[in-house]
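**Student:** Need coordinates for the following:
(chains A and B)
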Amino acid sequence: MDYQFLALTIATAIGISTAILVAATGELLVEKVGVYNIALEGVMLVGALTGFIAGQTTGSWVLGLIAGGVAGCAFAMVFGLITVVLRTDMIVVGVALILVALGTTQTIGSSYVAVEAVTKIPNADIPVLSSLPFIGTALFQQTWVTYIAMALPFVVAFILFRTRHGLNMRAIGENPNAADTAGISVIGWRLFYVAVGGVLAGVGGAYITLGIVDSWAGNVTAGQGWIAFAIVFFAGWQPLWILVGAYFFGALSVLGDVGQVMGWGVPSEAFTVLPYVGTVAVMMLRAWKQKSKGAVSWPAALGLPFYRG
Amino acid sequence: MKESLIDAVAVLPPTPKRSFSPWRIERRPDPERISLYRISAVLLGLAVSLVVAPFFTSTPPAEFYGAIWSGTFGSPLGMSNVLTIATPLILAGLAASIPYRLGLWNVGIDGQMLMGAWTATAVAFAMPQAPGFLMIPTMMIAGMIGGALWIIIPTFARLVLGVSEVITTFLLNFVAVGWVAYWCTGPWYPKSSAGGVRAEPIPIQGEIGKMDIQGIVVTWGILISIALPFVFWAAFRFTRWGYEVTMIGDNHRAGRYGGMNVRRLLVTSMLMGGLLAGFGGTIYMMGTSGQLSTSLTNNTGFNGLVIAVLAGSNELAVLALAFIYSLLLAGGGSLGIVGVDSDLVFAIIGITLIFGSFGEAYARLRLVRTKSAGARSDSKVKEAPWTINSSH
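**Tutor:** Take a look at the predicted model:
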């Protein structure tokens, strides 16, 4: 494998990981306040279709991404209102909303299938860095969204661990009753972050249709929402590990294709399965290591409805 | 939830704070007939979404409903479809329902079904010359074992390491799909491919026979599927295992004081879930598809999970809901004839489920005025010494 090919492979891996990275970062924020949005795949799907339609109608990928974010936010809020406010089960509502998203996007999007995108997120080469020999091709010839996505986990890490706002978020996820006593509106914050997670997942979905595949097809997300969901667990709720996980999983899916071309003799399914096997293995390893300490890595109130008192 | 000193802070009289709304949602102290509210809401949701659905399509309502009717009760073919869909769906519902009694989530039914079907296929290919009366039972047992094996790791992770079974069972679905895809595209690549990721069909004598009741053609697998909910319904009432599971499902601690081995019951109910799922996948593969494929389950597992939650620890309700669900899926499938995307039925099911959540929330919660002075803090301060360690 020559260097140019390797650089291009890395560039592709980073490019296609963007949607997963953005969605996973959003899901991390949601889980930090104690909610897990299992409907992530559905939210991405809604964002993907809305973003594509907006892009086709307005001819602007910026508006497409914004529309994807807004639609994702609205759809996630349905999840938030039912689970956070009405305290119903997140798994059932999540499955229900995925079904709703699958059904409605297939029905509404049927006239957009196999239509070529009129607008596409362009690559933005960074002036000096992109002309560097190997690193330039691999890292600095991406879209703006990709650069922002790379920075996102750092921003989230700063907010979570260096600000009072982040402290409040973690308090809500670890011990909502204590946070409530301190005067934080648990329900309000949870709803807000479900909405933020929805925006990010919606943008991630729109990135798939406007930046990666440049078209709409039924179930275009093809499990990327699930991968994003798994990455949060893989990362042990640490923002910077989200970055590692997203690029690692992105690289695996590219390696599957590369392996086929190069004739490595490794079945491509091995690469598609690795993210999930890896996540389960990492979760078990981490739990095993932490068992003696009596600590858990997930937010202690994750998935539990909040009742005062 | 972690219990710590900081929890004690929560029972101090709350500091005065501004409230955005004069209303607050709280739990009903004695929620009653939750299942009744839930099921009524589901039926209401079904009615509403079926009435609204045609307006989202360009098909006239009469044709829309006509297609659904002829795809279900209206024709022998429709009824055959309904029963064919119901066969694995009932088993998937049970596979979720039994662990759910103990508060465990089996979100990996699709994977267990696939692995069950894979194991059964492997057995069939290992003894291609065996006669049917030998091959069929062997495949069924192999399928059950395959499904049960696929749930062992999540069970172990949950009971020994404390890793949530929700995420591990769920992620293993994708691993099962990858595994099956590998065998379908590699070692078991079919001699005559007809599209999709499918394996070579199983030997003909390994297929389950079909019955023909006045034009309704269905495998006799449906008889097993219909019988099993009754078997488990009886088991939960008349056997020691069933009694202990029911008891512990209501209250873990009471069961442990009563001398029950909670851990053993958790393991057996999880394995039972995997076993039933594996059997469901196998019976569908042996009766209907005749070959292993990645799309074998077609989300039957998720649908089964949903049915189990709606049915709320009642095996006969699982049976009834699985039948209603099959009517919807079969009816939705027939919408393609009148030019409606058959995936619309997923939206109908999803909206129905959301109605069910509303029904459940209505049964469990109530709105309380917060502005009436003291109602909140008084009761809390009085109850403080007893509520200090309660975790919700």
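
**Student:** And the strands in chain B, which stretches?
**Tutor:** Remark: strands assigned in chain B by DSSP state E are B:23-27, B:210-213, B:216-219, B:365-369.

**Student:** and the gap between the residue of chain B found nearest chain A and residue A:97?
**Tutor:** Using Cβ to the nearest Cβ, the closest approach of chain B to chain A is made by residue B:347 at 2.9 Å. No exception for glycine: its C-beta is placed from N, CA and C like everyone else's. Counting by Cβ to Cβ, to the nearest Å, the separation of residue B:347 from residue A:97 is 10 Å.

**Student:** who has more neighbours, those two?
**Tutor:** For residue B:347 versus residue A:97, the count of surrounding residues by other Cβ atoms under 10 Å in any protein chain shown is larger for residue A:97: 28 against 25.

**Student:** Tell me, how many residues neighbour the nearest residue to residue B:146 once chain neighbours are set aside?
**Tutor:** Spatial nearest neighbour of residue B:146, chain neighbours left out: residue B:119 (2.9 Å); criterion: Cβ to Cβ, 6 or more residues apart in numbering or on different chains. Residue B:119 has 24 neighbours, counted by other Cβ under 10 Å.

**Student:** Quick one: residues contacting residue B:119.
**Tutor:** Residues counted as contacts of residue B:119 (Cβ atoms under 8 Å, 6 or more residues apart in numbering or on different chains) are B:142, B:143, B:145, B:146, B:147, B:149, B:278, B:282.

**Student:** In helices, which of those fall?
**Tutor:** Using DSSP state H, the members of these that fall within helices are B:142, B:143, B:145, B:146, B:147, B:149, B:278, B:282.

**Student:** could I get those as TSV with pLDDT?
**Tutor:** Output for those, formatted as TSV (pLDDT from 0 to 100):
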residue	pLDDT
B:142	96
B:143	95
B:145	96
B:146	96
B:147	96
B:149	95
B:278	96
B:282	95
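
**Student:** With neighbour count as extra columns, can I get the residues you listed in a markdown table?
**Tutor:** Compiled in a markdown table, the ones in helices among the contacts of residue B:119 are given as follows (neighbours: other Cβ atoms under 10 Å in any protein chain shown):
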| residue | neighbour count |
| --- | --- |
| B:142 | 22 |
| B:143 | 31 |
| B:145 | 19 |
| B:146 | 29 |
| B:147 | 35 |
| B:149 | 17 |
| B:278 | 35 |
| B:282 | 31 |
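
**Student:** Can you check which helix is longest in chain B?
**Tutor:** Counting by DSSP H, the longest helix found in chain B is helix B:76-101.

**Student:** in which helix or strand would I find the residue in chain A positioned nearest to chain B?
**Tutor:** Closest contact between chain A and chain B, by Cβ to the nearest Cβ, is at residue A:103 (2.9 Å). Assigned by DSSP states H and E, residue A:103 belongs to helix A:90-109.

**Student:** Equivalent analysis for residue A:305, please.
**Tutor:** Under the criterion DSSP H and E, no helix or strand holds residue A:305.

**Student:** So which other helices or strands are in contact with the helix holding residue A:103?
**Tutor:** Counting by 3 or more Cβ pairs under 8 Å, 6 or more residues apart in numbering or on different chains; DSSP states H and E, the packing neighbours recorded for helix A:90-109 are helix A:40-58, helix A:61-80, helix B:300-311, helix B:344-364.

**Student:** helices or strands up against the following helix or strand past it?
**Tutor:** Next helix or strand after helix A:90-109 toward the C-terminus (DSSP H and E): helix A:134-139. Taking 3+ Cβ pairs under 8 Å, 6+ apart as contact, the helices and strands that helix A:134-139 lies on are helix A:3-32.

**Student:** Can the helix it packs on be said to contact chain B?
**Tutor:** No - if you take Cβ under 8 Å from any Cβ of the partner chain as the test, helix A:3-32 misses chain B, and the best it gets is 11.1 Å.

**Student:** Rounded mean pLDDT for stretch A:183-199, please.
**Tutor:** Averaging pLDDT along stretch A:183-199 yields 94.

**Student:** quick one: residue B:322 and residue B:88 touch, right?
**Tutor:** No - contact criterion Cβ atoms under 8 Å: residue B:322 and residue B:88 do not qualify, at 9.5 Å.

**Student:** Neighbour count for the two, which is higher?
**Tutor:** residue B:88 (35 against 29).

**Student:** count of neighbours near residue A:268?
**Tutor:** Residues contacting residue A:268 under the criterion other Cβ under 10 Å number 19.

**Student:** any weak-confidence spans in the chain?
**Tutor:** If you meant another chain, say so; for now it's chain A. Scanning chain A for pLDDT under 70 picks out A:1, A:294-296, A:309.

**Student:** that's the wrong chain, I meant chain B
**Tutor:** Applying pLDDT under 70 to chain B flags residues B:1-21, B:193-194, B:252-256, B:370-392.

**Student:** residue nearest the centroid of it?
**Tutor:** For chain B, the residue sitting closest to the mean C-alpha position, by Cα atoms, centre = their mean, is residue B:305 at 1.7 Å.

**Student:** Help me confirm that that residue comes into contact with residue A:96.
**Tutor:** No - counting by Cβ under 8 Å, residue B:305 does not reach residue A:96; the two are 11.0 Å apart.

**Student:** List the residues that contact residue B:115.
**Tutor:** Residues in contact with residue B:115 (Cβ under 8 Å, 6+ apart) are B:146, B:147, B:149, B:150, B:176, B:179, B:180, B:278, B:281.

**Student:** JSON lines for those, including distance to residue A:132?
**Tutor:** As requested, these are arranged in JSON lines below (distance: Cβ to Cβ, whole Å):
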{"residue": "B:146", "distance to residue A:132": "52"}
{"residue": "B:147", "distance to residue A:132": "53"}
{"residue": "B:149", "distance to residue A:132": "51"}
{"residue": "B:150", "distance to residue A:132": "48"}
{"residue": "B:176", "distance to residue A:132": "43"}
{"residue": "B:179", "distance to residue A:132": "42"}
{"residue": "B:180", "distance to residue A:132": "44"}
{"residue": "B:278", "distance to residue A:132": "54"}
{"residue": "B:281", "distance to residue A:132": "52"}
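
**Student:** Pull the most distant pair out of the residues you listed.
**Tutor:** Using Cβ to Cβ, the contacts of residue B:115 reach their maximum pairwise distance at B:149 and B:180, which is 14.5 Å.

**Student:** right, and the strands of chain B - which one's nearest residue B:187?
**Tutor:** Of those, the one closest to residue B:187 (Cβ to Cβ) turns out to be strand B:216-219, at 27.0 Å.

**Student:** So which elements touch that closest one?
**Tutor:** helix B:76-101, strand B:210-213.

**Student:** Those into CSV, with extra columns for distance to chain A?
**Tutor:** Listed next are the helices and strands packed on strand B:216-219 as CSV, based on distance: least, Cβ to the nearest Cβ, whole Å:
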stretch, distance to chain A
helix B:76-101, 10
strand B:210-213, 30
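
**Student:** Now do the SS call for residue A:214.
**Tutor:** What DSSP: H, G, I helix; E, B strand; the rest coil gives for residue A:214 is coil.

**Student:** residues in contact with it?
**Tutor:** Residues in contact with residue A:214 (Cβ under 8 Å, 6+ apart) are A:116, A:117, A:120.

**Student:** Also residue A:212?
**Tutor:** Neighbour list for residue A:212: A:15, A:16, A:18, A:19 [criterion: Cβ under 8 Å, 6+ apart].

**Student:** and residue A:210, how many neighbours?
**Tutor:** Counted with other Cβ under 10 Å, the neighbours of residue A:210 add up to 30.
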